[in-house]
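Participant: Need a 3D model of the sequence below.
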Amino acid sequence: MRLAIIGGGAAGFFAAIRAAEQMPGAVVTILERGKSVLEKVRVSGGGRCNVTHACFDARELVRHYPRGSRELLAPFLRFGPADTVEWFESRGVRLKTEADGRMFPVTDDSTTIVECLRRAAQKAGVELHTGVRVEGFEHRDGHWYLTGPEKHLAGPYDRVLVATGSSTAMWDALARLGHRIVPPVPSLFTFNTKDTRLRELSGVSVPRAALHIPDTRLASEGPLLVTHWGLSGPAVLRLSAWGARELFDINYTFPLMVNWLGTTSPPETARLLSGFKTELGKKMVVSNAQFGLPARLWHNLCAAAGIPETLRWAELDKQKTAALADQLSAARFSIHGKSTFKEEFVTAGGVDLREVNFKTFESKLFPGLFFAGETLDIDAITGGFNFQAAWTGGWIAGEAMAG
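Facilitator: Residues are numbered from 1 along each chain as shown. So this is what the prediction gives:
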């Protein structure tokens, strides 16, 4: 039995290891186009590798996937985050959980994960070839042949797994074979705006803001961060993930409503502000930030509401109260463009999920052809969820290939 794994990333390695361990007599070969393997694992999490997320309920876990949530439920019940933790710890790599649920190796070093996977692959007898460019597929006489400049690796192979991430060249090859590819668009990005209210606020954050895009169903809540170029943080990333296609279609130019106070409405905010008139009386409005907001953000929002530096709380009239309430709870920003979020280069798009059997991650169109990772039209928000989909898909596909 000869098995080819195209792609030396997280999903590819996990599949190769599982297949080789399940079928010791098989020849399992990883074919990687680059000069090195597991590069995304190496750079993820700022070089620490966010291995998975401490969300151990599969039904809750799938809620973090804008695309693939329905298809991943059964696979996560078979191999989920708890299984990932056990897999690594059984091979000598302990993981820790941070306050936000993200899980990292206790070493805080992605090399720990990379070397664990390499050792496991070597121990299982997996062959590894780098610098190999696969350009296409041929299926004849029940076997798979790979086309490309490296003729000695052409085949025949009994089964093939494609785990090349968001490789447009591989998607093109799969489309030529006959698979439908959902057009790729960026996911997980931050919003660009030059709004003067955010001037000199880079690094300022609030713990729970509420965002929504008018005239759409796109909304999110969570921490919000001001950057040099605009807005970021979990609330923005969640909005960008669920709105990946819709925002692409409008060229990332849209209005964004921000409630810096979370779910407190403008009328409710106005009532609270009116209460401060008696409570704070002679104190200056601008220099006395409320609602736990950072002083610099409060200052800029007050300025946008037309409140003078010398205005006291007792002097705050209804007009200025309403204006400040709107800035706090219904601030409108014009977004023009996006920026990549750190090293999180995630793409929405890939092999159409309707053409995949998620009991095995095998193609419904071509028996013996499997997929895992971001080759599929599956993606998640940041926090270890994309890696978990890779571990789950790789493990199930690898087992099926050996079965």
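Participant: Now for Lys35: which residues touch it?
Facilitator: Going by C-beta atoms under 8 Å, 6 or more residues apart in numbering, Lys35 touches Thr130, Gly131. Where you see a C-beta, it was placed from the backbone N, CA and C, and this is true even at glycine.
Participant: typo on my end, Phe370
Facilitator: Ala15, Arg159, Val160, Leu161, Val162, Thr360, Phe361, Glu362, Ser363, Ala397, Ala400, Met401.
Participant: How about exporting stretch 278-294 as CSV, limited to the C-alpha atoms?
Facilitator: Extracted C-alpha coordinates of stretch 278-294, given in CSV (Å, rounded to 0.1, in the frame of the first residue of the first chain):
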residue,chain,number,x,y,z
THR,A,278,-25.5,65.4,40.3
GLU,A,279,-23.0,62.9,41.4
LEU,A,280,-19.9,64.6,39.9
GLY,A,281,-21.2,68.1,39.8
LYS,A,282,-18.3,70.5,39.6
LYS,A,283,-15.8,68.0,38.1
MET,A,284,-14.9,68.4,34.5
VAL,A,285,-16.6,66.0,32.0
VAL,A,286,-13.6,65.6,29.7
SER,A,287,-11.1,64.8,32.5
ASN,A,288,-13.3,62.4,34.4
ALA,A,289,-13.7,59.2,32.3
GLN,A,290,-16.7,57.0,33.1
PHE,A,291,-17.9,53.4,32.4
GLY,A,292,-14.3,52.2,32.8
LEU,A,293,-13.2,53.6,29.5
PRO,A,294,-9.6,54.5,28.9
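Participant: Pull out the buried positions in stretch 324-334.
Facilitator: For stretch 324-334, a neighbour-count test (16 or more other C-beta atoms under 10 Å) marks Leu324, Ala325, Asp326, Gln327, Leu328, Ser329, Ala331, Phe333 as buried.
Participant: before we move on, what about stretch 64-74?
Facilitator: His64, Tyr65, Pro66, Arg67, Gly68, Ser69, Glu71, Leu72.
Participant: neighbours around Gly292, how many?
Facilitator: Gly292 has 10 neighbours, counted by other C-beta atoms under 10 Å.
Participant: What values do phi and psi take at it?
Facilitator: With angles defined as degrees, to the nearest 10, Gly292 sits at phi 70, psi 10.
Participant: Could you dump the buried residues of stretch 324-334 into TSV with distance to Ser240 added?
Facilitator: As requested, the buried residues of stretch 324-334 are exported to TSV (distance: C-beta to C-beta, whole Å):
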residue	distance to Ser240
Leu324	29
Ala325	28
Asp326	25
Gln327	24
Leu328	24
Ser329	22
Ala331	19
Phe333	14
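Participant: tell me what the host helix or strand of Met401 is packed against?
Facilitator: Secondary structure assigned from DSSP states H and E places Met401 in helix 385-402. Applying 3 or more C-beta pairs under 8 Å, 6 or more residues apart in numbering; DSSP states H and E, we find helix 385-402 packed against helix 10-22, strand 52-53, helix 69-78, helix 81-89, strand 159-162, strand 369-371.
Participant: What is the fifth one packed up against?
Facilitator: Spelled out, it's strand 159-162. Secondary elements touching strand 159-162 (3+ C-beta pairs under 8 Å, 6+ apart): strand 2-6, strand 143-147, strand 369-371, helix 385-402.
Participant: Selection in ChimeraX covering whichever of the contacts of Phe370 are buried, please.
Facilitator: The following ChimeraX line selects those of the contacts of Phe370 that are buried, judged by 16+ other C-beta under 10 Å:
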select :15,159,160,161,162,361,362,363,397,400,401
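Participant: got the contacts of Phe370 as TSV, with distance to Ile113 columns?
Facilitator: Listed next are those as TSV, based on distance: C-beta to C-beta, whole Å:
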residue	distance to Ile113
Ala15	16
Arg159	26
Val160	25
Leu161	20
Val162	22
Thr360	26
Phe361	22
Glu362	27
Ser363	29
Ala397	20
Ala400	24
Met401	23
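Participant: hang on, the earlier thing: what's the offset of the helix holding Met401 from the middle of its chain?
Facilitator: 17 Å (C-alpha atoms, centre = their mean, to the nearest Å).
Participant: next one: stretch 299-318
Facilitator: For stretch 299-318, the distance to the chain centre is 40 Å (C-alpha atoms, centre = their mean).
Participant: Can you give me the buried ones in that stretch?
Facilitator: Judged by neighbour count using 16+ other C-beta under 10 Å, the buried positions of stretch 299-318 are His299, Asn300, Leu301, Cys302, Ala303, Ala304, Ala305, Ile307, Leu311, Trp313, Leu316.
Participant: what are the ranges of the helices in the chain?
Facilitator: 10-22, 39-47, 58-61, 69-78, 81-89, 110-124, 168-177, 234-242, 244-249, 266-280, 295-304, 318-329, 385-402 (DSSP state H).
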